[in-house]
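[1] Okay, predicted coordinates and the sequence, questions at the end:
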Amino acid sequence: MSDPHPAHLNERDENRDVKHEVNREDRRFKRREDKRSFLQKLAEFIHPGPDSKDELIETLAEAEDNEIINAQSRLMLEGVIHMADMTAGDAMVAAPRMDLLSIDAPFDELLHQVIDTAHSRFPVYEDDRENIIGILMAKDLLKLQRAPELNIRALLRPAVFVPESKGLNDLLRQFRDNRQHLAIVIDEFGRTAGLITIEDVLEEIVGEIEDEFDIEEEAGDIFGLADQTYRVSGDTSLERVSEAFDVKLNPDVVDEDTHQFDTIGGLIAHEMGHVPKRGEKFSLSGLDFVVLHTRGGAVRWFKVSPTPTAKSSTHSTVASTLKK
């Protein structure tokens, strides 16, 4: 007898074939997935991954030893790992060391401070150093020379405030997304704790970033400036400074067995009784020293000028010495 419903049977057969094909593909997918999982488990069993940041850093050291990565790459990766635990408070310039501009200062005073400190951005305060009202870019200050009628307030850019507890990872993302380069760090009571720049954050990853004050040792250590003052490296030997400026640098201190100093930075730090901070001034042996730049607890650069009584003769002496 013939089937009374052949069409229905064919439809059931087609559905069964489709289900069978789907199930077969599903089994294939699961086998592939299981196979990858097994290989992963086997690799982890043979070479278990690091369980802590210390182990991860050790793994990076092994990668360098095996020439998988170079030393610079390892240092940068380690910097990224360490930075994950750091906050703005860890990398900021503390409030007492901040170079601020007063909104009420005359133009000449502002320009003099900008030149001396050599920053590109300055927090500006009104009445009290705690009352920061904006950020002034050094290049914007030049606009006042061409248009004295401009109000300096119109040149200010909004100040960005971040808490001490803000993670450096988040801060770097904020700097990048908002095209910011400087932020004011505040403590838990809302007071100014310091400031932090994008360079401060990046240096935690890549190490010290060279700037216009950082030169190769063979390039020189004493430079004449346009205003007849001199930029002197803190690492310059006392002999070199004495010869250049024709002065005796406190031989009583230098000759003592307990206080041997080779550099001008070391001698001045001893004479001041503490690690000099940027902007501090000190006079020694007829020379006036202003700390221009510090890093790592040491003075990188001084601005040096002879005392007014010895200025003309000393300038001639240094000029002839630098030509040698």
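    Received the coordinates, thanks.

[2] got a pLDDT number for Ser305?
    Per-residue pLDDT puts Ser305 at 91.

[3] Pull the contacting residues for it.
    For Ser305, the contacting residues are 228-230, 287-288, 311, by C-beta atoms under 8 Å, 6 or more residues apart in numbering. Every residue, glycine included, has its C-beta placed from N, CA and C.

[4] Kindly indicate which of the residues you listed lies nearest Leu60.
    Among the contacts of Ser305, Tyr230 lies closest to Leu60 (C-beta to C-beta), at 43.9 Å.

[5] Tell me, how many residues neighbour the closest one?
    Using other C-beta atoms under 10 Å, Tyr230 is surrounded by 23 other residues.

[6] and it, what are its bridge partners?
    Bridge pairing for Tyr230 (DSSP bridges) gives the partners Gly224, Val304.

[7] low pLDDT regions in the stretch 51-200 of the chain?
    Under the criterion pLDDT under 70, the flagged ranges of the stretch 51-200 of the chain are 51.

[8] repeat that for 90
    51-86, 90-99, 105-120, 128-129, 138-155, 179-180, 188-190, 199-200 (pLDDT under 90).

[9] cool, the stretch 201-324 of the chain as well?
    Along the stretch 201-324 of the chain, the model assigns pLDDT under 90 to residues 201-231, 233-240, 242-244, 246-263, 265-267, 269-281, 284-286, 291-303, 306-324.

[10] how about the strands of it, start to end?
    Along the stretch 201-324 of the chain, counting by DSSP state E, counting those that start in this stretch, strands occupy 222-224, 230-233, 281-284, 287-295, 298-306.

[11] Show me which of the contacts of Ser305 are buried.
    With burial judged by 16 or more other C-beta atoms under 10 Å, the buried subset of the contacts of Ser305 is 229-230, 287-288.

[12] For those residues, give me a markdown table that also has distance to Ala91.
    Below are the buried ones among the contacts of Ser305 laid out as a markdown table (distance: C-beta to C-beta, whole Å):
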| residue | distance to Ala91 |
| --- | --- |
| Thr229 | 32 |
| Tyr230 | 32 |
| Leu287 | 34 |
| Asp288 | 32 |
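
[13] Go through the strands of the stretch 201-324 of the chain and name the closest to Ile186.
    So among these, strand 287-295 is nearest, using C-beta to C-beta, at 23.5 Å.

[14] Keeping just the C-alphas, turn that closest one into CSV.
    Extracted in CSV, the C-alpha atoms of strand 287-295 (Å, rounded to 0.1, in the frame of the first residue of the first chain):
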residue,chain,number,x,y,z
LEU,A,287,79.1,84.4,42.9
ASP,A,288,75.3,84.4,43.2
PHE,A,289,73.7,81.0,42.5
VAL,A,290,70.0,80.4,41.7
VAL,A,291,68.7,76.9,41.5
LEU,A,292,67.2,76.5,38.0
HIS,A,293,66.4,72.8,37.8
THR,A,294,66.5,69.8,40.1
ARG,A,295,65.9,66.2,39.7
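
[15] one step back: need the strands of the stretch 201-324 of the chain in JSON lines with distance to Arg74, can you?
    Output for these, formatted as JSON lines (distance: least, C-beta to C-beta, whole Å):
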{"stretch": "strand 222-224", "distance to Arg74": "36"}
{"stretch": "strand 230-233", "distance to Arg74": "30"}
{"stretch": "strand 281-284", "distance to Arg74": "41"}
{"stretch": "strand 287-295", "distance to Arg74": "23"}
{"stretch": "strand 298-306", "distance to Arg74": "26"}
